[in-house]
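Trainee: sequence first, then the predicted structure:
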Amino acid sequence: MEEIMPYPVLDCWLDVHYVYLMCWFVEAGGAVFDAAGKSLDFSKGRFLDLERGIIATNKKLKPVVLAAVQTVLNGEQPSQKL
């Protein structure tokens, strides 16, 4: 009978791919961070101690995207100007 991989191994496999994709994106000139603007810390475990999610954008748009996300998370209406 074929052995089924346990769930924790699958979690680890997915985490490795997240790190790979993040590195690829950053090397291509992008920025990956949480909604507080902090870099992702993969030493924190599966959920990374995130502040409301992961954001990926280019470096020029990082301040604009971060401000828009924080505005929405604070319950405010985003402005229509970009």
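Mentor: Arrived safely, thanks for sending.
Trainee: tell me the contacts of the residue sitting nearest the centre point of the chain?
Mentor: Using Cα atoms, centre = their mean, the residue of the chain that lies closest to the mean C-alpha position is Ile54, 2.4 Å off. Residues near Ile54 by Cβ atoms under 8 Å, 6 or more residues apart in numbering: Val32, Phe33, Asp34, Leu40, Leu48. Every C-beta, even on glycine, is put in place using the N, C-alpha and C of the backbone.
Trainee: and the residues you listed, which are buried?
Mentor: Val32, Phe33, Asp34, Leu40, Leu48 (16 or more other Cβ atoms under 10 Å).
Trainee: just the ones of the residues you listed in strands?
Mentor: Val32, Phe33, Asp34 (DSSP state E).
Trainee: for those, which one is nearest Lys62?
Mentor: Relative to Lys62, the closest of these is Phe33; by Cβ to Cβ it sits at 7.4 Å.
Trainee: right, and the closest one touches Val26 too?
Mentor: No: applying Cβ atoms under 8 Å as the test, Phe33 and Val26 come out as separate, 10.2 Å apart.
Trainee: okay, and the common contacts of these two?
Mentor: Counting by Cβ under 8 Å, 6+ apart, nothing touches both Phe33 and Val26.
Trainee: check what pLDDT Gly75 gets.
Mentor: Gly75 is assigned 86 on the pLDDT scale.
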